[in-house]
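A.B. asks: Build me a model:
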Amino acid sequence: MFLYLLSYISCFVLGISKQRYNKVISFTLLVFLAVFLCFGYFCGSDWRNYELWYYRVDLERLFYNYFAEPGYYIYMLVVRFFDIDFWHFTIFTKLWCFVSFYSMLYYYLKERVWLGLMYFVPWYGFFLFIDCPFRNLIAVAIFLIAIHFFIQRKVILSLLLILIASTFHVSTIIFLPCIFFVGKKVPTKIWVLLYILFNIFLGSRELLTNVLSSLFGNLPYVSAKIQGYLLDESEAAAGGSLFSLGMLIQLVFFILLIWKRQVIERHKNGIFIFNFAMIYQLFYRIALTIELFSRFQLFTSVFFCIALIMLLQAFKPSSQKLYLVYLLCIASVGTTKLFADNRYIPYTSYIPYMFQTEQPSYEYRSQYNYMHSPYNK
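C.D. replies: Numbering: from 1, shown residues only. Model prediction:
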């Protein structure tokens, strides 16, 4: 638990300290974050399936017993060609994804990047890198690179990267039409109207499921996902609450973002940042109805964090300290997921095992958190 707290609190401390300009200290903290987030071993959940898939895939049976998007299959096959261990493959992938997230945050926040990480790590980083929905993580990382190129007016390359990201996780495709309006200034009343409509009409899980089935039910892959995740009685199909502490927090942020949108929009590419922050708010509302849709928030989470830190300039110096303390408190709310089940605690790192000749067995690793976590659910 200590490492989880240290990860984002240290970002906060450095973010408000003059030492953030010290390159040695900043680099040391960055390495710590990368190692902590990317080298998790027995913890998390999805790796159990991904490890089995990794060692089963081969060229002759590439799409046999089809279970995921083709881009991920091909990526696995290329790495397997070099006879690379699954955990080396996983850690390498997480590291370049981490660089993608950090680069986008740093591009817009510069030395305030630590404040952005302070909020990002507990709300999204723990889930993305430690629990690690692997294909989703890769897709989001590629999407961020695509948006960077789109902002630089390299539209064709950006569209190509979004399509490539969708071959890792099909949810990416929903952002393809979005990028053509995120650079345009949308009137405040439109965002407010959309927010109200989303809260009114998307409060029903049954209604949302029926709409998705009507729109995409004829696509075999998407139809199977709707059946498996939304219609079947599975854990993933469980609906989120219509109102929660998280919704109250996001409502406060929504009002603040709308009220002070000009503070964000006067930054470089500020309209992009603001619009993506608003899209995040809409997806958050959908995810309260169907929890599975929280995956869509991940694509815009970095921009939301950037917008929150940009809002610092909306306050007087004395009030900025209160705002940062508020953000730290809200960031701490994000750590409540650590106690929801056995995925995160105890935390284990691959580093003590990386030079061992004989690695712990799959069965031992798979059962470790189930056996040792105080939060078994």
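A.B. asks: Now do the buried residues in stretch 15-34.
C.D. replies: Judged by neighbour count (16 or more other CB atoms under 10 Å), stretch 15-34 contains these buried residues: 15-16, 20, 26, 29-30, 33-34. C-beta: built from backbone N, CA, C; applies to glycine.
A.B. asks: my bad, should have said stretch 40-49
C.D. replies: For stretch 40-49, by 16+ other CB under 10 Å, it's 40-45, 47.
A.B. asks: In JSON lines, list the residues you listed along with pLDDT.
C.D. replies: Formatted as JSON lines, the buried residues of stretch 40-49 follow (pLDDT from 0 to 100):
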{"residue": "G40", "pLDDT": "95"}
{"residue": "Y41", "pLDDT": "94"}
{"residue": "F42", "pLDDT": "95"}
{"residue": "C43", "pLDDT": "94"}
{"residue": "G44", "pLDDT": "93"}
{"residue": "S45", "pLDDT": "92"}
{"residue": "W47", "pLDDT": "94"}
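A.B. asks: Closest to L163 out of the residues you listed?
C.D. replies: W47 (26.6 Å; CB to CB).
A.B. asks: these two touch, right, that closest one and F134?
C.D. replies: Yes. The criterion here is CB atoms under 8 Å, and W47 meets it with F134 at 7.4 Å.
A.B. asks: which residues do those two both contact?
C.D. replies: Residues touching both W47 and F134 (CB atoms under 8 Å, 6 or more residues apart in numbering): T90.
A.B. asks: what's the following helix or strand after the strand or helix carrying G246?
C.D. replies: Following DSSP states H and E, one finds G246 within helix 245-259. Sequence order places helix 261-265 as the next helix or strand after helix 245-259, per DSSP H and E.
A.B. asks: tell me what that next one is packed against?
C.D. replies: On a contact count with 3 or more CB pairs under 8 Å, 6 or more residues apart in numbering; DSSP states H and E, helix 261-265 meets helix 270-289, helix 294-310.
A.B. asks: quick one, longest helix in the chain?
C.D. replies: Determined from DSSP state H, the single longest helix within the chain is helix 86-109.
A.B. asks: residues of that one that come out buried?
C.D. replies: Those would be 86-87, 89-91, 93-95, 97-98, 100-102, 104-106, 108-109, for helix 86-109 by 16+ other CB under 10 Å.
A.B. asks: quick check: mean pLDDT across the next helix or strand after it?
C.D. replies: Downstream of helix 86-109, the first helix or strand assigned by DSSP H and E is helix 113-120. Averaged across helix 113-120, the pLDDT comes to 96.
A.B. asks: now the angle from helix 113-120 to helix 86-109?
C.D. replies: 120 degrees (axes from the mean of the first three to the mean of the last three CA atoms, to 10 degrees).
A.B. asks: after helix 113-120 comes which helix or strand?
C.D. replies: Helix 113-120 is succeeded, C-terminally, by helix 134-151 (DSSP H and E).
A.B. asks: picking up where we left off before, which of the helices and strands packed on helix 261-265 sits most buried?
C.D. replies: helix 294-310 (a mean of 24; mean count of other CB atoms under 10 Å).
A.B. asks: packing partners for that helix?
C.D. replies: helix 86-109, helix 113-120, helix 134-151, helix 261-265, helix 270-289.
A.B. asks: Kindly present the buried residues of stretch 40-49 as CSV, with separate columns for distance to K316 and secondary structure.
C.D. replies: What follows is the buried residues of stretch 40-49, written out as CSV (distance: CB to CB, whole Å; DSSP: H, G, I helix; E, B strand; the rest coil):
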residue, distance to K316, secondary structure
G40, 41, strand
Y41, 46, coil
F42, 47, coil
C43, 42, coil
G44, 43, coil
S45, 44, coil
W47, 47, helix
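A.B. asks: Farthest-apart pair in those, please.
C.D. replies: So for those, where distance means CB to CB, the most widely separated pair is Y41 and S45, at 13.0 Å.
A.B. asks: tell me the contacts of F12?
C.D. replies: By CB under 8 Å, 6+ apart, the neighbours of F12 are 114-115, 118, 324, 328, 331.
A.B. asks: who's in contact with the residue most central in space within the chain?
C.D. replies: The centroid of the chain falls nearest to L298 when counting by CA atoms, centre = their mean (3.5 Å). Contact analysis of L298 by CB under 8 Å, 6+ apart lists 124, 128, 136, 140.
A.B. asks: Then T93?
C.D. replies: T93 neighbours (CB under 8 Å, 6+ apart): 134, 137-138.
A.B. asks: before we move on, the earlier item: let me know the closest of the buried residues of stretch 40-49 to L338.
C.D. replies: C43 (10.3 Å).
A.B. asks: my guess is that closest one contacts D341, does it?
C.D. replies: No. Assessed by CB under 8 Å, C43 is found out of contact with D341, at 11.1 Å.
A.B. asks: Identify those among the buried residues of stretch 15-34 that sit within helices.
C.D. replies: Per DSSP H, those map to helices at 15-16, 26, 29-30, 33-34.
A.B. asks: so which two of these are the farthest from each other?
C.D. replies: It's I16 and A34 that sit farthest apart of those, by CB to CB, at 21.8 Å.
A.B. asks: quick one: least confident helix or strand in this protein?
C.D. replies: helix 220-225 (a mean of 58; mean pLDDT, DSSP states H and E).
A.B. asks: Indicate which one of the helices and strands packed on helix 294-310 is closest to R365.
C.D. replies: When the helices and strands packed on helix 294-310 are compared by CB to CB, helix 86-109 sits nearest R365, at 9.8 Å.
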